[in-house]
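# how would this look folded up:
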Amino acid sequence: MSYQHYERIYDFSGGLNNRDFDPLLQDNESPDMCNVVLGKRGTFETRPGIIYFKNEPVVEGKSVTSIFEYIDPQGNTHFLAFAGDKLKKATQDGWALVGEDLEEGSYLEFVTNPMTGKALFVNHNDGYWETDGNDCNEVDPYEPTDDEKTEIGECAIPNDPMLIAYHKYRVWLANVSDYPDRIYYSVDDISGNTLYNYFTPSSWLRSSNPKGEGVTAIVSFKERLYVFTKSTIKVIVGSDLDDFSMIDFDQSIGTVSSRTVWNFGDHLIFLSADNDVYIFDGVSAPTKVSGRLEGTFNKISAEYKYRACAALHRGKYYLSIPESTVNDVTLVYDTEVVPLTYVGEKHSYVNSPWTLHKGFTPTQWLVGQDLNLYFASTDGYVYQYGIGTTDAGKPIEAYLCTKLIDLGTPDKVKRIRRLILDARREEDSFINIEYKIDSESNGWETLCRDVDLSKPIDRMFIYFPNSNRPLCRKIAFKISNSYLGNVFRINGFTIDMAVHGHHEERK
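Numbers count the residues shown, from 1 in each chain. I've put the predicted structure just below:
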C-alpha cells in the first residue's frame, strides 16, 4: 500500500554544515555549497560578482598587500593601495605614486590621526610613517625641552612596529623590533598636549604570557584597548597616562591575524589561531560561531594563515582564508539571516548561517566611505565586491546541495515522480538540477539540464529523463548555474512522491 505525498522544501537558511554527517544535518542545512547567498526568507541565489576598481594594476606583476581610505581635513577622500615597494593613491586616470622604497611585499597597517588630519602607518620594517595622500615621510620625533626630558623622558619612537591603533586620543604601537610583546603609547608634552610623535623608553605595557608570544592585534573597543596574541586576549584599561594598566581577559584564545578582527555591533569577531571564529562582548568569554565548518577550517594552511583577512559589511562577516599560499576561500557569516527554525524562539549568533565563496584571492578587505566593499588582490588589482554577474569577466560557479531527504522515515521506500520548482524569473539564465539517492557516496545523476528561467516558473514541473522515476529511501538535489553570467534565485521546490507503507502523519 502506498500514498501520494508532496514534500515542500522552502527553507535553506541553515547555511553550510560540513562538520556533521548527513543524518545529523538540520533540514535547512547544506553539506556542500559554493558562491550562493541566503535570503531572509530561506531562499538562496547566486552571489554577486566583482568588478575592477581601476582598470589597471596598482603595480604590474605585484600583489596588492594593503589598502586604506581616509578623509583629509579639507574633506578629500584618499584611497591608498600598497603593492611591491610602492604606496599609491587612486585617481580618475588610475594610480598615482605617493611613496616608494618601502619593504617590498610588507603589510601596511594604517590609522587616521584626527589631530593632524594625516594617516599614520607601520609595516614592521620601515619605522613609523605618515601621509597626507600626496606624499609620505617617516614621522619626525618630537624634540622635548630640557624640562620635558627631566619630567617626562627622552623621545624614543619604538623601532619598526607591526601594529598601530588610535585610542584615548593617542597613538599605540605594538610588536616592535626586539620587543614583540610590548605595546607603546604616545605621551603628552609638559603642557598636557597629547602628541603622536612623542614616545619615551618607559611608555609601554607588556603583554606577557607563558608562551612568550608577540602581539598579533590591538583593537579599540568599548573604551578599552584589546590586545591579542596567538593564544591570549588582554585588555588595557584606564583613561590617562597615570592609570593605564593591562589585565587578563582570556588565557586560551587569541588571533593569528589582526586583519580578521572587526567590530561586530556590540561584539568583536575574529579568527583564532586554532582555526575557529569567535565573538565576544568584552564581558563574557568568547563564543565559537564556526563549529559547523570544521571541514573547511581544517584545511587552512598552517604556514600561511597569518595572511587571513576579513571585513564586516552590512551585517555580514567576510573572512578570507588560505587553503594554499593565498586566501583562496572566503567564508561569509550572515548575522542578519535568522534560520527559520529559530523564528519566534531565542536566536543565538551561534545559529547564524555560513556560506562559502571561491573565485578571488583577497589580501585585505575595506569598507569604503561610500559604504561599498572593496578588496586588494594577489593579481595586482583592487576590486569592488557586489557588482555584476561575473568575477571581472570570469564565470561564477554557483551551486547548493541539499541533505538527503527521507521525510523522517528512512525505512520507507519512496517513488519520486517529479520536482515542482519555484524560482525567480531571470532572462537568459539557465540552471542544472541533479540528484542522488540513498547513499552519500553515490554520484550525481542528471534530472534536468538547462532549465530556462526566463519562462513563468512559479510552478515549473521537472520530470526525470526517460520517464525514470527513481525508487529510493532518501534523495538529495543539487542546483547549479549552467553558463557564464547565469544567475538564479531558488525560492523552494516540492517533491511529488509516492510513499510505500502505511500512511502516517508527520509531526
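# Tell me which residues are up against the helix or strand harbouring L120.
Element membership for L120, per DSSP states H and E: strand 118-122. Taking contacts as C-beta atoms under 8 Å, 6 or more residues apart in numbering, the residues outside strand 118-122 that touch it are 68, 70, 72, 78, 80, 108-113, 128-133, 136, 139, 160-164, 166, 171, 173, 196. (Glycine included, C-beta is placed from N, CA and C.)
# Among those residues, which are located in strands?
Using DSSP state E to define strands, the subset of the contacts of strand 118-122 located there is 68, 70, 78, 80, 109-113, 128-131, 136, 163-164, 166, 171, 173.
# Which among those count as buried?
Buried residues within these, defined by neighbour count using 16 or more other C-beta atoms under 10 Å: 68, 70, 78, 80, 109-113, 128-131, 136, 163-164, 166, 171, 173.
# mind listing the helices in the stretch 51-200 of the chain by residue range?
146-151 (DSSP state H, counting those that start in this stretch).
# picking up where we left off before, partner strands of the strand holding L120, parallel or antiparallel?
strand 109-113 (antiparallel), strand 128-131 (antiparallel) (DSSP bridges).
# Indicate which one of those is closest to E445.
In terms of C-beta to C-beta, the element of these nearest to E445 is strand 109-113, at 51.1 Å.
# Starting from M162, give me the distance back to Q369.
Using C-beta to C-beta, to the nearest Å, Q369 is found at 26 Å from M162.
# more neighbours, the two?
Taking other C-beta atoms under 10 Å, Q369 and M162 do not tie; M162 has more neighbours (23 against 12).
# Surely the more buried one is in contact with D181?
No. Counting by C-beta atoms under 8 Å, M162 does not reach D181; the two are 11.8 Å apart.
# where do the contact lists of these two overlap?
By C-beta under 8 Å, 6+ apart, M162 and D181 have these common neighbours: N175, V215.
# could you pull out the strands for the stretch 401-507 of the chain?
414-423, 430-437, 445-452, 460-463, 471-472, 475-481, 489-500 (DSSP state E, counting those that start in this stretch).
# What's opposite the residue nearest to V261 when sequence neighbours are not counted in the beta bridge?
Once flanking residues are discounted, V261 sits nearest to F270: 4.3 Å by C-beta to C-beta, 6 or more residues apart in numbering. Legend: beta-bridge partners of F270 under DSSP bridges are Y278.
# how far away is the closest residue to T200 other than its chain neighbours from I190?
Leaving aside its chain neighbours, T200 sits nearest to G153 (3.4 Å; criterion: C-beta to C-beta, 6+ apart). With distances taken as C-beta to C-beta, G153 is found 11 Å from I190.
# count of neighbours near the residue nearest to T200?
16.
# Then S177?
If you count neighbours by other C-beta under 10 Å, S177 ends up with 13.
# how close does the nearest residue to G359 once chain neighbours are set aside get to P57?
Leaving aside its sequence neighbours, G359 sits nearest to D391 (C-beta to C-beta, 6+ apart; 4.7 Å). When distance is defined by C-beta to C-beta, D391 is 16 Å away from P57.
# swap in G291?
39 Å.
# ok, which stretches of the stretch 251-400 of the chain are strands?
Secondary structure of the stretch 251-400 of the chain (DSSP E, counting those that start in this stretch): strands at 262-264, 267-271, 277-280, 287-288, 309-313, 316-321, 329-334, 354-357, 362-367, 373-377, 382-385, 399-401.
# looking at those, which is closest to I300?
Comparing those by C-beta to C-beta, strand 316-321 comes nearest, at 5.2 Å.
# Counting by contacts, list what the closest one packs against.
strand 267-271, strand 309-313, strand 329-334, strand 362-367 (3 or more C-beta pairs under 8 Å, 6 or more residues apart in numbering; DSSP states H and E).
# Rounded mean pLDDT for it, please.
Strand 316-321 shows a mean pLDDT of 97 in the predicted model.
# Can you tell me what sits against that strand?
Counting by C-beta under 8 Å, 6+ apart, 260, 262, 264, 269, 271, 277, 296-297, 300, 305, 308-312, 327, 329-336, 361-362, 365, 373, 375, 385 sit against strand 316-321.
# Now with 7 Å, please.
With C-beta atoms under 7 Å, 6 or more residues apart in numbering as the test, strand 316-321 has contacts from 260, 262, 264, 269, 271, 277, 300, 305, 308-311, 327, 329-334, 362, 365.
# Alpha carbons of that strand, as PDB, please.
What follows is strand 316-321, C-alpha atoms only, in PDB (Å, rounded to 0.1, in the frame of the first residue of the first chain):
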ATOM      1  CA  LYS A 316      28.000  40.000   7.000                       C
ATOM      2  CA  TYR A 317      31.500  39.000   8.100                       C
ATOM      3  CA  TYR A 318      33.600  38.200   5.100                       C
ATOM      4  CA  LEU A 319      36.600  36.000   6.100                       C
ATOM      5  CA  SER A 320      39.200  35.100   3.500                       C
ATOM      6  CA  ILE A 321      41.400  32.200   4.500                       C
END
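# What is the distance between that strand and the centre of its chain?
Computed by C-alpha atoms, centre = their mean, to the nearest Å, the chain-centroid distance of strand 316-321 equals 1 Å.
# Flag every buried residue along it.
So, applying 16+ other C-beta under 10 Å, buried residues of strand 316-321: K316, Y317, Y318, L319, S320, I321.
# what do you get for stretch 268-278?
Judged by neighbour count (16+ other C-beta under 10 Å), stretch 268-278 contains these buried residues: L268, I269, F270, L271, S272, A273, N275, D276, V277, Y278.
# Likewise for stretch 36-43?
In terms of neighbour count (16+ other C-beta under 10 Å), stretch 36-43 has its buried residues at V36, V37, L38, G42, T43.
# So which of these is the closest to Y185?
For the buried residues of stretch 36-43, the residue nearest Y185 by C-beta to C-beta is V37; the value is 41.7 Å.
# tell me the SS of the closest one?
V37 falls in the strand class when you classify it by DSSP: H, G, I helix; E, B strand; the rest coil.
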